[in-house]
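*Asks:* kindly generate the corresponding structure for this input.
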Amino acid sequence: MIDPLEMVDKYGADTFRFYMLWTTAPWEDLRFSEEGMQAIGKMLNILWNTYSFARNYMDIDGYEFDKDDPGALEIEDKWILSKFNSLALEVTDGMDKVYLHDAVRPVYDFVLELSRWYIKLVRDRVWIESSDPRKVSVYYTLHTILMGLCRLMAPVTPHLAEYIYRDMTGEESVHFTGWIKADEKLIDKKLEGDMAMAQKIIECALAARQEADIKLRWPIRKVTVTPKEPLDINGTRDIILKMANAKELSIENVEVQLIAKPNFASIGPKFKGDAKAVVKKLNELDASEIKNSIDENNEYKAEIDNKEFTLTSEDLTFETKLPGNIVAEEFDGGMVYIDKTLDDELYSEAMAREVIRRIQEMRKEMQLNETEQVDVFIDTDEGFELYVKENLKFIEQETRSKISFGKGKGFEKVWKIEGIDAGIVIEE
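*Replies:* Predicted coordinates:
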């Protein structure tokens, strides 16, 4: 027996209301799960973090929303605005039909996509100095979407929607506004489809990186896509490269070695005393030729010592062998390959990113403002110092710092980076 008031006390009324509508359709028996409640709570917390991210940087820059000034919208802005307006249509349809589960489930998916994709794509744009149109477009997009979400979610999560809406607009209440109407001129289904494909490619590249044990912050040389059907990724090329942290992206076939392996459970009983000769012959034959023949004719005939032997798909298994530097992942649209070779240039940048991560962690510990410039001293061996010098401007830009070498005074930590000691000091 679950006490609903206990769940409200534990997770909050908004979480409980959203979960009850999200988990089952009205004509189904309620399948209550505390894990489901936790998932909804996590989603609402993600929405809160997205609001905090937007509010924080808008306050730093003194941004005031102007519906007539969208800035310079980039592809990711247009995509998420299209997704949001598609969401508004979907939620409205669910509300009109009183299928409330159909109204809230898309909101759950959208909030996760907003955080996991859009925020990651634009995070570096809010670091641009001054009122750059590229930064303005991020603020415009986030303000538009967050205020729209508040209006869509107000009937289900009234407390969270009210707080965010009032804080970002200064108006009396989200509940005094009308129901949001989708701007169908902003809906671009082709762009949504292109981004969905890009996301699949990125996810494959990230999975391949994980298999190759390459950290995400370390750059890789190349991502190659071999699609089943013609594929145009020109519009999303930069997004794929950015999210996969790769230098090159191409659409092409990757040469793989096809290997035909005998299925001894079939070959043994079938060829009896000749089985050993058949297996030996397989090692001498072209596996691609065998496979093509079986695909076209359901069999392959091999001649051994003036005797003919017929092989079928039951007698063989086919495997592909990639070059040693290539790792592959498959998705429903084809194959994605990454080159895991880490040359000197890539390794140098990787070490720079490791330094950036350490400085950012120290800034966070010191509770420094995101825009505050700091003086940093790095004390390490000559080889590692060279990596820092090769990427000095990049590190300084990413950490809002001026870097010097040697010992300094201030907040100090000694980090172990790939086996090398690196002392980092941020002047207080």
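*Asks:* so how far does stretch 311-318 reach from one end to the other?
*Replies:* With Cα to Cα, to the nearest Å as the measure, the first residue of stretch 311-318 is 13 Å from its last.
*Asks:* contact partners of it?
*Replies:* Applying Cβ atoms under 8 Å, 6 or more residues apart in numbering, the external contacts of stretch 311-318 come out as 258-263, 266-267, 270, 278, 282, 287, 290-291, 294, 298-302. In short, each C-beta sits where N, CA and C put it, glycine included.
*Asks:* could you redo the last one with a cut-off of 6 Å?
*Replies:* Counting by Cβ atoms under 6 Å, 6 or more residues apart in numbering, stretch 311-318 makes contact with Ala260, Lys261, Asn263, Ser266, Ile267, Lys291, Ile294, Glu299, Tyr300, all of which sit outside it.
*Asks:* got it, and stretch 145-153?
*Replies:* Stretch 145-153 is touched from outside by Tyr51, Phe84, Val91, Ala161, Ile164, Tyr165, Val174, Thr177, Ile180, with contacts defined as Cβ under 6 Å, 6+ apart.
*Asks:* pull that stretch out as PDB, backbone CA atoms only.
*Replies:* As requested, the backbone C-alpha atoms of stretch 145-153 are provided in PDB (Å, rounded to 0.1, in the frame of the first residue of the first chain):
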ATOM      1  CA  ILE A 145      11.400  27.900 -24.600                       C
ATOM      2  CA  LEU A 146      11.500  28.200 -20.800                       C
ATOM      3  CA  MET A 147       8.500  30.600 -20.800                       C
ATOM      4  CA  GLY A 148       6.700  28.400 -23.200                       C
ATOM      5  CA  LEU A 149       7.400  25.300 -21.100                       C
ATOM      6  CA  CYS A 150       6.100  27.100 -18.100                       C
ATOM      7  CA  ARG A 151       2.800  27.700 -19.800                       C
ATOM      8  CA  LEU A 152       2.600  24.100 -21.100                       C
ATOM      9  CA  MET A 153       3.400  22.600 -17.800                       C
END
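*Asks:* next one, pLDDT for the closest residue to Asn298 other than its chain neighbours please.
*Replies:* If you skip the residues right next to it in sequence, Asn298 has Thr312 as its closest partner in space, 6.4 Å away by Cβ to Cβ, 6 or more residues apart in numbering. pLDDT, Thr312: 92.
*Asks:* what about Thr312, distance to Thr157?
*Replies:* Going from Thr312 to Thr157 by Cβ to Cβ, to the nearest Å gives 60 Å.
*Asks:* mind checking which of those two has more residues around it?
*Replies:* Summary of the neighbour comparison: Thr312 and Thr157, criterion other Cβ atoms under 10 Å, with Thr157 having more neighbours (26 against 14).
*Asks:* go ahead and confirm that one touches Gly12.
*Replies:* No: in this structure, Thr157 sits apart from Gly12 without contact. The criterion is Cβ atoms under 6 Å, and the distance is 9.1 Å.
*Asks:* and the residue located most distally from the centre of the chain, its phi and psi?
*Replies:* When each C-alpha in the chain is compared with the mean C-alpha position (Cα atoms, centre = their mean), Asn306 comes out farthest, at 58.1 Å. Summarising the backbone geometry of Asn306 under the convention degrees, to the nearest 10, its torsions are phi 60, psi 20.
*Asks:* distance check, it against Lys276.
*Replies:* Using Cβ to Cβ, one gets 17 Å for the distance from Asn306 to Lys276.
*Asks:* cool, Ile290 as well?
*Replies:* Ile290 sits at a distance of 18 Å from Lys276 (criterion: Cβ to Cβ).
*Asks:* swap in Lys83?
*Replies:* In this structure, Lys83 and Lys276 are 61 Å apart, going by Cβ to Cβ.
*Asks:* only the buried residues of the longest helix along the chain, if you could.
*Replies:* What stands out as the longest helix in the chain, according to DSSP state H, is helix 34-61. If you call a residue buried by 16 or more other Cβ atoms under 10 Å, then helix 34-61 has these buried ones: 37, 39-41, 43-44, 46-47, 50-51, 53-55, 57-58, 61.
*Asks:* next, the closest residue in space to Ser401 that isn't next to it in sequence: secondary structure please.
*Replies:* Excluding the flanking residues, the one nearest Ser401 by Cβ to Cβ, 6+ apart is Val376, at 4.4 Å. Three-state secondary structure (criterion: DSSP: H, G, I helix; E, B strand; the rest coil) places Val376 in strand.
*Asks:* so Val376 touches Glu398, yeah?
*Replies:* No: the pair Val376 and Glu398 fails to qualify as a contact (Cβ under 6 Å) at a distance of 11.7 Å.
*Asks:* who's more crowded, these two?
*Replies:* It is Val376, of Val376 and Glu398, that has more neighbours when counted by other Cβ under 10 Å, with 23 against 18.
*Asks:* what pLDDT does the more buried one get?
*Replies:* Model confidence at Val376, expressed as pLDDT, equals 97.
*Asks:* which residues touch it?
*Replies:* Contact analysis of Val376 by Cβ under 6 Å, 6+ apart lists Ser401, Ile403, Ile426.
*Asks:* beta partners of the last one?
*Replies:* Note on Ile426: beta-bridge partners by DSSP bridges are Val376, Phe411.
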